[in-house]
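*Asks:* let's see this in three dimensions:
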Amino acid sequence: METFNRTVTKFILLGFSLGHQGEILLALVFLAMYITSLAGNMLIFCLVLGNSQLHTPMYFFLCNFSVLDIMFTSVISPQLLWNLLSGDKSIPFSACMAQLYFYFLLGTVEFLLLTSMSYDRYVAVCKPLHYHTIMRGEVCVKMVLASWLCGFLSVLCPTIQISRLSFCRSNSLNHFFCDTGPLLELSCTDTRFIELMDFMLSSLVIIGSVVLTLISYACIISTILLIPTTTSRIKAFNTCATHLTMISISSGISIFTYVTPSQKETLDAHKVPAVLTAIVCPFLNPFLFTLKNDSVKEALRKTVQKTCDMIMENVLATFKGNKFVLGKSL
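*Replies:* You can find the predicted model right below:
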């Protein structure tokens, strides 16, 4: 371990203690999940963008959520895969600070976007006659922009404060990416103010998002229970259950990891939840949120059929053209 008087130029990400072969195997698993996550979320983005039937507030939010998932997992996965496959565990100081900032920025935006999606479902179920009046296009855009603005403002100050710390103990981070707790652990500066600020902001964003979502779903469930037909009730429950499950998982992991007065006490316990948040959830979200939806399945079927028809038309046109040229030459 290297020791420094003032600060560092790079950090060493200790990651997982599995040995070289174990790390290669883990890298292959993460690579498969990363590629699948990119492909699934890009497919959702293209489907929503290219099908007018999906140009509704719900799919607008799901499309934004897919873009957010692509960005979120790409903040961590490429660097992690490089560290595991190459054996080079170093990351420059500037890249570490950028990774820290964008990880928490995108994580904050994701919570706020999930809250916006819960409000969209509340209006759709509880106020169906006013849905298109309330959830107008400009309102949806403002909700998404507000999520990004709040994320930008809430994460900027803590990141600046952390980047100004003196790291004189070591440059080895006990994590697989640049997280707040491991960085604060290495600092020889008094970090109590930063820890308090992180705790307050994390509590405000995560617990506030969970409370608003639970209020929305309490109203949704009470309305669903009044629906007379069993089929309609089951359909309404299925529409909302996935969203409620995903925000429960995300909020549970984040509360365990970040809504604590000090993150330095439980560093070893943070790696598995971080893998779930940064890699597993973006991998599962396309399948749980969107691709199982009947409207999306129908749009995908039509897109595949249209693509196959175009390919066949081109093949037939090429075949006829070649036949014509061959007949002319004969």
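
*Asks:* what is the neighbour count of D190?
*Replies:* For D190, the neighbour count with other CB atoms under 10 Å is 9. (C-beta placed from N, C-alpha, C; glycine too.)

*Asks:* quick one: low-confidence parts of the stretch 51-200 of the chain?
*Replies:* 169 (pLDDT under 70).

*Asks:* and the strands in it?
*Replies:* 90-92, 172-173 (DSSP state E, counting those that start in this stretch).

*Asks:* okay, now the sheet partners of the longest one, with direction.
*Replies:* Which is strand 90-92. strand 10-13 (antiparallel) (DSSP bridges).

*Asks:* restrict the partner strand to CA atoms and write it as PDB.
*Replies:* In PDB, the C-alpha atoms belonging to strand 10-13 read as follows (Å, rounded to 0.1, in the frame of the first residue of the first chain):
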ATOM      1  CA  LYS A  10      -4.900   7.300  -8.700                       C
ATOM      2  CA  PHE A  11      -6.800   4.800  -6.600                       C
ATOM      3  CA  ILE A  12      -6.600   1.000  -6.500                       C
ATOM      4  CA  LEU A  13      -9.900  -0.800  -6.600                       C
END
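
*Asks:* hey, where'd the helices end up in the chain?
*Replies:* 19-50, 57-86, 93-126, 131-134, 137-163, 180-186, 192-202, 208-224, 230-258, 271-275, 281-285, 294-329 (DSSP state H).

*Asks:* nearest to I12, out of those?
*Replies:* Comparing these against I12 with CB to CB, the closest turns out to be helix 57-86 (9.5 Å).

*Asks:* just checking, what packs against the closest one?
*Replies:* Other elements packing on helix 57-86 under the criterion 3 or more CB pairs under 8 Å, 6 or more residues apart in numbering; DSSP states H and E are helix 19-50, helix 93-126, helix 137-163, helix 281-285.

*Asks:* between it and helix 230-258, how many degrees?
*Replies:* 40 degrees (axes from the mean of the first three to the mean of the last three CA atoms, to 10 degrees).

*Asks:* what are the buried residues along helix 57-86?
*Replies:* Judged by neighbour count (16 or more other CB atoms under 10 Å), helix 57-86 contains these buried residues: 57-66, 68-77, 79-81, 83-84.

*Asks:* then stretch 159-176?
*Replies:* Under 16+ other CB under 10 Å, the buried positions of stretch 159-176 are T159, I162, S163, L165, F167, C168, S170, N171, L173, N174, H175, F176.

*Asks:* among the residues you listed, which pair sits farthest apart?
*Replies:* C168 and F176 (23.2 Å).

*Asks:* number of nearby residues for the residue lying closest to S254 once chain neighbours are set aside?
*Replies:* Leaving aside its chain neighbours, S254 sits nearest to I206 (5.0 Å; criterion: CB to CB, 6 or more residues apart in numbering). By the criterion of other CB under 10 Å, I206 has 22 neighbours.
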